[in-house]
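Asker: My questions concern the predicted model and sequence given below.
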Amino acid sequence: MMLKVSILGFAGSLRKGSYNKALLRAALEMIPRDTELEIFDIEGIPPFNRDLENQPPEKVKEFKAKIRAADAILIATPEYNYSIPGVLKNAIDHASRPYGDNAFDGKTVAIMGASVGILGTARAQYHLRQSLVFLNMYPLNRPEVMVPLAQEKIDQNGRVTDQKAREKIKELLEVLVIWTRKLKKD
Ligand SMILES: Cc1cc2nc3c(=O)[nH]c(=O)nc-3n(C[C@H](O)[C@H](O)[C@H](O)COP(=O)(O)O)c2cc1C
């Protein structure tokens, strides 16, 4: 019997027509066997204020509960000014607090990203990796899923049409599931 793997995915963009949300929708179309993928929208998570960290809003409670219930995490990040968007960092900060209550602790995680530039979120992804290491997560090293010139690879309906990008997303999911099963086996 294969261990069923549940993945929680979220994008670091609030934009309706987000290319990174499109990557997550593509992932939904190609989830491996014995795997579930749920997408969470980080819209509505307020700016983190440490004075209030012991009274988190419902949205943050829901986010943390879904992270905890998942075996693995999938993050689709845009690149903003060579780093990750503030909304993504903010959501991650919320889920890591208060001290000692880091919902991400010990989870496997895969990263992907789409940008309109030619490096396809490479710089943002390495910033994100740094935070994931501090959060005691286990990020996949490869495949690296970086979708440059996203406007040419994702159509007007928000569908990833580029075959290479689709294959990379599929491979990422497959390796994430293998990685998660390996780490769960003790
Ligand atoms: C504030 C801001 C900064 C940006 N900085 C970068 C950047 O450093 N590199 C890049 O490739 N694209 C950059 N972009 C363009 C994004 O790649 C583009 O907006 C992309 O569509 C964002 O992802 P989304 O479609 O998921 O929202 C930036 C966009 C914004 C709004």
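Answerer: The structure has been received and is ready for your questions.

Asker: which ones are touching the closest residue to the ligand within the chain?
Answerer: Nearest residue of the chain to the ligand: G117, at 2.5 Å (C-beta to the nearest ligand atom). C-beta: built from backbone N, CA, C; applies to glycine. Taking C-beta atoms under 8 Å, 6 or more residues apart in numbering, we find G117 in contact with 79, 148-149.

Asker: Over to K21?
Answerer: 11, 13, 15, 39, 76, 158.

Asker: and the ligand, which of those residues reach it?
Answerer: Applying C-beta under 6 Å from any ligand atom to the contacts of K21, one finds that 13, 15 fall near the ligand.

Asker: okay if I get the contacts of K21 as a markdown table plus pLDDT, neighbour count and secondary structure?
Answerer: Output for the contacts of K21, formatted as a markdown table (pLDDT from 0 to 100; neighbours: other C-beta atoms under 10 Å; DSSP: H, G, I helix; E, B strand; the rest coil):
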| residue | pLDDT | neighbour count | secondary structure |
| --- | --- | --- | --- |
| A11 | 98 | 29 | strand |
| S13 | 98 | 23 | coil |
| R15 | 98 | 12 | coil |
| I39 | 98 | 16 | strand |
| A76 | 99 | 30 | strand |
| G158 | 98 | 14 | coil |
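
Asker: Work out for me the element I73 sits within.
Answerer: strand 72-76 (DSSP states H and E).

Asker: Could you show which parts of the protein are in contact with the ligand?
Answerer: For the chain, the residues in contact with the ligand (C-beta under 6 Å from any ligand atom) are 13, 15, 18-20, 78-82, 115-117.

Asker: Quick one: buried ones out of these?
Answerer: 13, 18-20, 78-80, 115 (16 or more other C-beta atoms under 10 Å).

Asker: Quick one: distance of stretch 18-33 to the chain centre.
Answerer: 11 Å (C-alpha atoms, centre = their mean, to the nearest Å).
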